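> Sequence below, structure please.
(one chain, ligands or ions: 3)
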Amino acid sequence: MASKVIKGGTVVTADLTYRADVKIEGDVIVEIGPNLSGDEVLDATGCYVMPGGIDPHTHLEMPFMGTYSTDDFESGTRAGLAGGTTMVVDFALPNPEQSLLEAIQRWDNKSTRANCDYSFHMAITWWGEQVFNEMETVVREKGINTFKHFMAYKGALMVDDDEMFASFSRCAELGALPLVHAENGDVVAQLQAKLMAEGNNGPEAHAYSRPAEVEGEATNRAIMIADMAGVPVYIVHTSCEQSHEAIRRAKQNGIRCYGEPLIQHLTLDESEYQSGDWDHSARRVMSPPFRNKKHQDSLWAGLQAGTLQVVATDHCAFTTDQKRYGVGDFTKIPNGTGGLEDRMPMLWTYGVGTGRLTMNEFVAVTSTNIAKILNIYPKKGAVLVGADADLVVWDPAKEKTISATSQQSAIDYNVFEGKPVKGLPRYTLTRGHVAIMDGEIRTQEGHGKFVAREPFTAVNRALSQWKEVMAPRKVQRAGIPASGV
Ligand SMILES: NC(=O)NCCC(=O)O
Ligand SMILES: [Zn+2]
Ligand SMILES: [Zn+2]
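Ligands and ions are numbered 1, 2, ... in the order given. Okay, the predicted model is just below:
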């Protein structure tokens, strides 16, 4: 079998930094060490050899708010690879009353075009006996161990507390992990109506309708419900101190939970909504909205402290024309922003480049931590013999200014437009295939494979054991009849 050697670089993992060559045969890493040789040599002089990024939060070709997000599995994964991301996890969304298995079939059809490996989370968008039963098939037969719950988008994707508790309890039985979009959807709906009634209909009102409190309250509620159901919980797009505080506090109390800030919330702020250009602000409408510097500092601190574990994108890209569905009514602006191509360079530049993160922390929050949470480590998220050769050869000296004119994403703008970045892939390898070669795109449509994920992570098992130890037990009392008269 033809081999490749990444030569002359420094391997950077979540816990180690050392000089070594990396040899690949077919899809996997076969040797790591000094002076390796192979059929093809990839020069990594001056570069860091890291696990490829894993973006656990994308919405590719997602049906949402009367349209479909524009980046599909082809353009989305091409964008990811251009920026050093080698795996995405997308959300399969059943329509109301639709079978979960049919939703997977729809996502299977779309994902055949993926350029890199991918997996799915299953969304719980409605509740009933059918959903309860199918969750078992989803976990045991379809290789999906995560279930997403939206506490927002009232009247569409939103589930309420009793549905969440039922679904979380089912996740506990199946060894799965619930994910939560934590915003109080009832309060958001009322604030939206009030703002519209007052004539506040521009994109800035989107941010006014989703203050940090709605996120903090919902995050705390989701965590408490998960703890009562006896299951860990993962809070997606944690954007503010209130939500981070709820996660931090829960962790300090021994509750198993995870928080996922987005690169957008870390590096872009609420002033974007004050632009005099409607398109500029509407293009940045997403939920939760961008926040102020205080919240950004909290998120960066959480990544440093380990109270937040993962940096994702929530890539859900709509064109300007799609955003204009909401002219005159901000509640109709499709929610979502892009970021797949920019997550790694932006986090490196504004994280590692400023000293907010170490290189090892960068690898942890872009790849290794989520691989462990999703139970795919060390196949993914590792530079180890036997791991998939999903690698990025990162050139810390390579620079560019982000621009929509040169991006892979199919939309007509970039929310990071004009941002200088220093630190970019020299090569990105997806299961051994060099998809990005010094700026040249060599992606192969359909190369990506579905990554199945087993349930019952070590954390699930430990928590179940603890809940069993702490379970309520009937007090046996001498002299009292076991049951009534
Ligand atoms: N985040 C967002 O605004 N759009 C995508 C759907 C979601 O994750 O809530
Ligand atoms: Zn969301
Ligand atoms: Zn999302």
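> Near ligand 1, which residues of the stretch 201-350 of the chain are found?
Within the stretch 201-350 of the chain, the positions adjacent to ligand 1 are Met286, Ser287, Asp314, Cys316, Asn335, Gly336 by C-beta under 6 Å from any ligand atom. In this view, the C-beta of every residue, glycine as well, is placed from N, C-alpha and C.
> Which helix or strand in the chain has the lowest average pLDDT?
Across the helices and strands of the chain, the lowest-confidence element by mean pLDDT, DSSP states H and E is strand 63-64, at a mean of 94.
> what's in contact with it?
Outside of strand 63-64, the residues that reach it under the criterion C-beta atoms under 8 Å, 6 or more residues apart in numbering are Leu93, Cys316, Pro334, Asn335, Gly336.
> List the strands paired with the helix or strand that it is followed by, with their directions.
Next helix or strand after strand 63-64 toward the C-terminus (DSSP states H and E): strand 67-68. Within its sheet, and counting by DSSP bridges, strand 67-68 is paired with strand 63-64 (antiparallel).
> one step back: switch the residues of the stretch 201-350 of the chain next to ligand 1 over to JSON lines; also include neighbour count and distance to Leu357.
Written out in JSON lines, the entries for those read as follows (neighbours: other C-beta atoms under 10 Å; distance: C-beta to C-beta, whole Å):
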{"residue": "Met286", "neighbour count": "27", "distance to Leu357": "23"}
{"residue": "Ser287", "neighbour count": "23", "distance to Leu357": "26"}
{"residue": "Asp314", "neighbour count": "27", "distance to Leu357": "20"}
{"residue": "Cys316", "neighbour count": "24", "distance to Leu357": "25"}
{"residue": "Asn335", "neighbour count": "23", "distance to Leu357": "28"}
{"residue": "Gly336", "neighbour count": "24", "distance to Leu357": "26"}
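> Narrow those residues to those in helices?
For these, membership in helices holds for none, with DSSP state H as the criterion.
> Kindly present those as TSV, with separate columns for pLDDT.
Below are those laid out as TSV (pLDDT from 0 to 100):
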residue	pLDDT
Met286	98
Ser287	98
Asp314	98
Cys316	98
Asn335	98
Gly336	98
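> Can you point out the buried residues in stretch 279-299?
By neighbour count, and taking 16 or more other C-beta atoms under 10 Å as the criterion, the buried residues in stretch 279-299 are 279-291, 295-296, 298-299.
> if you skip the residues just before and after it, what's nearest to whichever residue of the stretch 151-300 of the chain sits closest to ligand 1?
Distances from the stretch 151-300 of the chain to ligand 1, computed as C-beta to the nearest ligand atom, single out Met286 as the nearest residue at 3.5 Å. The spatial neighbour of Met286 that comes closest, neighbours along the chain excluded (C-beta to C-beta, 6 or more residues apart in numbering), is Thr337 at 4.7 Å.
> Repeat that for Leu191.
The shortest distance from Leu191 to any residue that is not its chain neighbour, by C-beta to C-beta, 6+ apart, is 4.2 Å, and that residue is Ser209.
> repeat for Gly339
The shortest distance from Gly339 to any residue that is not its chain neighbour, by C-beta to C-beta, 6+ apart, is 3.5 Å, and that residue is Thr313.
> my guess is the one you found meets His59, correct?
No: taking C-beta atoms under 8 Å as the contact criterion, Thr313 and His59 are not neighbours in contact, 9.7 Å apart.
> ok, those two, which is more surrounded?
Relative neighbour count places Thr313 above the other of Thr313 and His59, with 31 against 21, counting by other C-beta atoms under 10 Å.
> Using CSV, please lay out the contacts of strand 63-64 together with distance to Ser167.
Formatted as CSV, the contacts of strand 63-64 follow (distance: C-beta to C-beta, whole Å):
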residue, distance to Ser167
Leu93, 15
Cys316, 23
Pro334, 26
Asn335, 23
Gly336, 24
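> so what's the residue nearest to Met286 up against?
Listed by C-beta under 8 Å, 6+ apart, the contact partners of Thr337 are Gln264, Arg283, Arg284, Val285, Met286, Asp314, His315, Cys316, Ala317, Val415.
> How about the contacts made by the last one?
When you say that, I think you mean Val415. Counting by C-beta under 8 Å, 6+ apart, Val415 touches Gln264, Leu268, Glu272, Arg283, Arg284, Thr337, Gly338, Gly339.
> With secondary structure, pLDDT and distance to Ile124 added, can I get the residues you listed in a markdown table?
Formatted as a markdown table, those follow (DSSP: H, G, I helix; E, B strand; the rest coil; pLDDT from 0 to 100; distance: C-beta to C-beta, whole Å):
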| residue | secondary structure | pLDDT | distance to Ile124 |
| --- | --- | --- | --- |
| Gln264 | helix | 98 | 25 |
| Leu268 | coil | 98 | 30 |
| Glu272 | helix | 98 | 32 |
| Arg283 | helix | 98 | 30 |
| Arg284 | coil | 98 | 28 |
| Thr337 | strand | 98 | 24 |
| Gly338 | coil | 98 | 26 |
| Gly339 | coil | 98 | 25 |
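> so which of these would you say is closest to Thr405?
Thr405 lies nearest to Gly338 out of the contacts of Val415, by C-beta to C-beta, at 14.4 Å.
> how many neighbours does that closest one have?
Residue neighbour count, defined by other C-beta under 10 Å, stands at 31 for Gly338.
> Many thanks, I have nothing further to ask.
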